[in-house]
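J.: Can you look at this prediction? I've put the sequence above it.
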Amino acid sequence: MLNSPSPWQEIRLPHSSESEPALSKLVAKPARDYSTLQTKVQSILKRYRVSDYFLTEIDAETVTRYAGPGRPSSKDKNRTIVSTQFQLNFERQLNAIAIAEQLTGWRIYVTNVRIEQLSLAKSGCLLQRPVAG
């Protein structure tokens, strides 16, 4: 049994270098439709296979702004626009990541070569070469 280098040792999550910036773009730009934002989040999590490692939450925020020219006055209360924006929040699931890190990287390789012919160092070199088939 050999412990191969884990791809998580540097990036900590599979496809993390692509999934977190994609989610961060959705955080930076509030959406106007809940179902569209939810669909985008689910497609990113599914595409990068990280749905078990992120907790996502969508918050609704009501925004009221003045709709007329110039500064608003106390008489201009009927000239406001009320809209709802949806904001994405996400965080890593550290427990799920820790469990996956423990399970990642271990592989069992079997060969019929005698132990006298193949040392541990030579077996490691053979594993790095592609298998001809």
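T.: Received the coordinates, thanks. Keep in mind that this is a model prediction, so the values were computed, not measured. Residues are numbered from 1 along each chain as shown.
J.: Just to check, residue 58 is in contact with residue 38?
T.: Yes - between residue 58 and residue 38 a contact is recorded at 6.4 Å, counting by Cβ atoms under 8 Å. C-beta: built from backbone N, CA, C; applies to glycine.
J.: Identify the residues contacting the residue nearest to the spatial centre of the chain.
T.: What sits nearest the mean C-alpha location of the chain, by Cα atoms, centre = their mean, is residue 19, with 3.8 Å. The contact partners of residue 19, by Cβ atoms under 8 Å, 6 or more residues apart in numbering, come to 13, 44-45, 47-48, 50, 54.
J.: repeat that with 7 Å
T.: Applying Cβ atoms under 7 Å, 6 or more residues apart in numbering, we find residue 19 in contact with 44, 48, 50.
J.: The first one: which element?
T.: Translated: residue 44. Here residue 44 sits within helix 34-47, counting by DSSP states H and E.
J.: And the next helix or strand past that helix?
T.: Counting by DSSP H and E, what follows helix 34-47 is strand 54-66.
J.: ok, and what's touching that following strand?
T.: With Cβ under 7 Å, 6+ apart as the contact definition, strand 54-66 has outside contacts at 34, 37-38, 41, 45, 72, 76, 79-93.
J.: Can you show me the CA trace of that strand as CSV?
T.: Extracted C-alpha coordinates of strand 54-66, given in CSV (Å, rounded to 0.1, in the frame of the first residue of the first chain):
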residue,chain,number,x,y,z
PHE,A,54,-19.8,24.2,0.9
LEU,A,55,-22.8,25.5,2.9
THR,A,56,-24.7,28.1,0.8
GLU,A,57,-27.4,30.5,1.9
ILE,A,58,-29.4,33.0,-0.1
ASP,A,59,-30.6,36.1,1.8
ALA,A,60,-33.3,38.5,0.6
GLU,A,61,-32.8,42.2,1.0
THR,A,62,-35.4,44.9,0.2
VAL,A,63,-33.9,48.1,-1.3
THR,A,64,-35.8,51.4,-1.3
ARG,A,65,-34.4,54.2,-3.4
TYR,A,66,-35.6,57.6,-4.7
